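A.B. asks: Sharing a model prediction with you, sequence too.
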Amino acid sequence: MEISDRQINGITVIALAGSIDALTAPAIAESINGIISRGEINLVADFHGIDYTSSAGLRVLLGAVKETRSRGGDLRLAAVQLDVMKVLKLSGFTNILKLYDDVDSALASFS
Amino acid sequence: MALVNENTRLALVIGSGSVKCAAALGLMKVLERENIGVNLVVGCSGGALYAASIALGWPVETSIDKTLSLWTRRVTEKRSRKAVLQIILPGLFHFDENFGLIDDSRLNRQLYGAFGEASFADTHIPLHIAATDFFDGEQVVLSSGLIWEAIRASLSIPYVFPPYRVAGRALIDGYQSDPLPVGIAIKEGIDIILAMGFESPYQERITSLMRYNFQISSVTSNNLLKTNFAFHNLAHHSEIIPILPEFTQRIHLFDTEKIPYIIDEGEKAAEQALPYLKRLLGATGVSG
């Protein structure tokens, strides 16, 4: 699992690669919580490199979304791959998360 | 089969999906090859058939043979004349909860022919089959008695087959309460849940009252599937691994000739999840 973040026009883009699952969820949650605790609450998660997510991954996502929204921000997903999208759809997450085709669109959605 | 990690309990949950549920046999082929044991099997509707065959320890070929002989168009060939009369003159012909357009005697015989006197006590792996109480909509988990009767109850497609009575309760198809009954495995304290679910297909064309009914039923059950699956994913203490076979061919209710293809797709979906499953079983203290 790889995770890195960068700032673009006041929005934090978190690039993830690998799987979001029970084995990687704690590290991802810690990383995202660290970003939020710095006061960065408008986040774009770049899912281009994410090939798998499970229930533990969904819980991390939900936790991050709730935390950012409760502080007036949001976590939005970009470039979600087909297999991950199937899981997001099946679990109803596409109804509560904002998804975009790419990072640029996700960034633009905040303006 | 031996468990790779004896401290971790693993369940297989097979949701409703008619003949598509045969994909679970593909998943089992992969688990058997990898010597990964299953501690619990749960099934509903079409999934109940395969859950039972897996729990009874039938080889994949036996499960295929029995399905081919059991699930054929013949089970729906005999229409219920009484049902037609009940629609036209409900008062005179005493329309009630036992309504079903198809005479279920053939289905019952076929199920008995396949499973005979096998009971839940005969299974190699604990088995739970989910049905739904017609009167209050509650999920009913069947874990004792004759297996064929539990499957029959779980297969009571509304309007098509009459409800089936078990212990005095009129039971209808398990998908009416939860098309992918993961909650049963959660309640049993299972750690890793392999969840094989299927969305109900939408009708290509609406050309009859039955097709209209099936369309509405698909809309409702697919939304129920997503709602329940979301809740279970968030509620579970450990891990739910979705196994979602990708079918490029449309599969109809009685397309049993496509079973080899369906099993292949189940195997492919299982292979995709296998690396993570093995890592998870190899790790200690699985938690989300």
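C.D. replies: Noted; the coordinates are in hand. Please read these numbers as outputs of a predicted model, since none were measured by experiment.

A.B. asks: In the stretch 51-200 of chain B, what residue lies closest to chain A?
C.D. replies: Nearest residue of the stretch 51-200 of chain B to chain A (CB to the nearest CB) works out as residue B:197 at 6.8 Å. The C-beta positions use only the backbone N, C-alpha and C, and glycine is treated the same way.

A.B. asks: isn't that residue right up against residue B:225?
C.D. replies: Yes: at 6.3 Å, residue B:197 counts as touching residue B:225 under the criterion of CB atoms under 8 Å.

A.B. asks: can you list residues touching both of these two?
C.D. replies: A:90, B:15, B:179-180 (CB atoms under 8 Å, 6 or more residues apart in numbering or on different chains).

A.B. asks: next SSE after the lowest-mean-pLDDT helix or strand in chain B?
C.D. replies: Least confident helix or strand of chain B, by mean pLDDT, DSSP states H and E, is helix B:60-70 with a mean of 88. Once helix B:60-70 ends, the next helix or strand along the chain (criterion: DSSP states H and E) is helix B:81-88.

A.B. asks: Alpha carbons of that following helix, as CSV, please.
C.D. replies: C-alpha atoms of helix B:81-88 as CSV (Å, rounded to 0.1, in the frame of the first residue of the first chain):
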residue,chain,number,x,y,z
ARG,B,81,-55.7,-23.8,-12.1
LYS,B,82,-56.9,-22.9,-8.7
ALA,B,83,-54.6,-19.8,-8.7
VAL,B,84,-56.1,-18.6,-12.0
LEU,B,85,-59.6,-19.0,-10.5
GLN,B,86,-58.5,-17.3,-7.3
ILE,B,87,-57.4,-14.3,-9.4
ILE,B,88,-60.7,-14.1,-11.2
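
A.B. asks: who's in contact with the next helix or strand after it?
C.D. replies: Where DSSP H and E defines the elements, the next helix or strand beyond helix B:81-88 is helix B:105-115. For helix B:105-115, the surrounding residues in contact (CB under 8 Å, 6+ apart) are B:52, B:66, B:69-72, B:74-75, B:77-78, B:146-148, B:151-152, B:155, B:161.

A.B. asks: Let's see that with 6 Å instead.
C.D. replies: B:66, B:70, B:75, B:78, B:147-148, B:151-152 (CB atoms under 6 Å, 6 or more residues apart in numbering or on different chains).

A.B. asks: Just put those residues in CSV and tack on distance to chain A and neighbour count.
C.D. replies: As requested, these are exported to CSV (distance: CB to the nearest CB, whole Å; neighbours: other CB atoms under 10 Å in any protein chain shown):
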residue, distance to chain A, neighbour count
B:66, 29, 19
B:70, 29, 21
B:75, 29, 22
B:78, 36, 13
B:147, 29, 29
B:148, 31, 23
B:151, 25, 30
B:152, 28, 24
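
A.B. asks: Can you tell me which of the shared contacts of residue B:197 and residue B:225 has the most neighbours?
C.D. replies: Neighbour counts for the shared contacts of residue B:197 and residue B:225 (other CB atoms under 10 Å in any protein chain shown) peak at residue B:15, which has 32 neighbours.
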